[in-house]
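> Starting from these lines, generate the structure:
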Amino acid sequence: MNPGLNQPVGPSGVQQPWQPEPGVQVIEAGQQQRRQLWIFPAVVAVVLLLAAGTVAFVLRDRWLPGGTAAPTAGPTDGPASAGATSGSTGEPTPTPTQPQPAVTTQGPPTLPGAVGSVRLDPSLDPVQAPAVAAVFDKYFSAVNARNASAALAVMDPGGSINQGDPSAVKRFSDGISTSTDDDILLLSLGPDGTGKGALQARVTFRSHQVAGKGPKGRESETCTRWDVTYSLTQPGGGEYRIWGSTNAGNRPC
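Okay, here's the model as predicted:
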């Protein structure tokens, strides 16, 4: 219906405003109420869908692998107080530990094949023998250098050579004046039954000397094989010292 057409005329002849018919007005009011009834649930549904989508997006970034969201961190005293860093999944990453040094267990001592010019028999005690061999290496090195003072320095002053007696020192010096000793072997060690020292050492070696300086009874001999047992002292529990020989055998080379 077009407002302004076929409008009723009042008793005074004045045209009256158009009004809808009673039935039409009731129908429009019912339609308006129905629109209000479905609009409100629709708005609520849209709000709920938006909220659910937001929650799902946040949870996906937080928990799924590859997510970039990081957990909310509380107050800390600094990077060191955290104790761990967060990885890409948001879960704490343990702080790498420093590698610990390998623990090495020292095995039993091994016997060297030689100490200087002195070879060691394989049956010797690996703890005791190297120290004894070191003494004889000094002694024979001094003899080969014709250095009587250095040789006497590794001998016990109270031993078989009276170092306070010049004539005894001269005899020793003359005796080694042409000697060159080699092929030296520390053969055995054991307790000193003579009471002169703390230890006995059996040593074999070869000596070269000029004629006239050979062993007693074979003075013209220039090459001699020796098998000598020495007594060793250990003053104050320190280095060994040579007391002197207690048994000596020899033969021509």
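> Now for the protein, the helix or strand with the poorest mean pLDDT.
None of the helices or strands of the chain scores lower by mean pLDDT, DSSP states H and E than helix 79-82, at a mean of 45.
> What residues are bridge-paired with the closest residue to residue 251 other than its chain neighbours?
Take residue 251 and drop its neighbours on the chain: the residue closest to it by Cβ to Cβ, 6 or more residues apart in numbering is residue 225, 5.1 Å away. Glycine gets a C-beta too; all of them are placed from N, C-alpha and C. Beta-bridge partners for residue 225, by DSSP bridges, are residue 206, residue 251.
> ok, residue 225 - contacts?
By Cβ atoms under 8 Å, 6 or more residues apart in numbering, the residues touching residue 225 are 204, 205, 206, 250, 251, 252, 253.
> what do you get for residue 241?
By Cβ under 8 Å, 6+ apart, the contact list for residue 241 reads 135, 154, 155, 156, 159, 232, 233, 234, 235.
> repeat that for 6 Å
By Cβ atoms under 6 Å, 6 or more residues apart in numbering, the residues touching residue 241 are 156, 233.
> helix, strand or coil for residue 192?
coil (DSSP: H, G, I helix; E, B strand; the rest coil).
> if we can go back for a sec, which of the contacts of residue 225 sits closest to residue 169?
Residue 169 has its nearest neighbour among the contacts of residue 225 in residue 205, at 22.4 Å by Cβ to Cβ.
> what about the closest one, distance to residue 164?
Using Cβ to Cβ, to the nearest Å, we find residue 205 at a distance of 28 Å from residue 164.
> So for the two, which residue has more residues nearby?
Set residue 205 next to residue 164 and count neighbours by other Cβ atoms under 10 Å: residue 205 wins out with 20 against 9.
> so that one touches residue 185, yeah?
No. With contact defined as Cβ atoms under 6 Å, residue 205 does not reach residue 185; the gap is 7.1 Å.
> Just give the nearest non-adjacent residue to residue 128, would you?
Spatial nearest neighbour of residue 128, chain neighbours left out: residue 189 (6.2 Å); criterion: Cβ to Cβ, 6+ apart.
> Show me what the helix or strand encompassing that neighbour is packed up against.
Using DSSP states H and E, residue 189 sits within strand 180-190. Strand 180-190 is packed against strand 118-120, helix 129-144, strand 199-208, with contacts defined by 3 or more Cβ pairs under 6 Å, 6 or more residues apart in numbering; DSSP states H and E.
> Quick check: neighbours of the shortest one in the sheet, parallel or antiparallel?
Looking back up the chat, that one is strand 118-120. strand 114-115 (antiparallel), strand 180-190 (parallel).
> Including mean pLDDT, mean neighbour count and distance to residue 173, could those go into CSV?
Listed next are the strands paired with strand 118-120 as CSV, based on pLDDT from 0 to 100; neighbours: other Cβ atoms under 10 Å; distance: least, Cβ to Cβ, whole Å:
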stretch, mean pLDDT, mean neighbour count, distance to residue 173
strand 114-115, 96, 16, 26
strand 180-190, 97, 16, 15
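> follow-up on the earlier one: can you tell me which of the helices and strands packed on strand 180-190 is nearest to residue 104?
When the helices and strands packed on strand 180-190 are compared by Cβ to Cβ, helix 129-144 sits nearest residue 104, at 21.8 Å.
> packing partners for that closest one?
For helix 129-144, the elements it packs on are strand 114-115, strand 118-120, helix 148-153, strand 180-190, judged by 3+ Cβ pairs under 6 Å, 6+ apart.
> you'd agree residue 168 is in a helix?
Yes. If the criterion is three-state DSSP, then residue 168 is within a helix.
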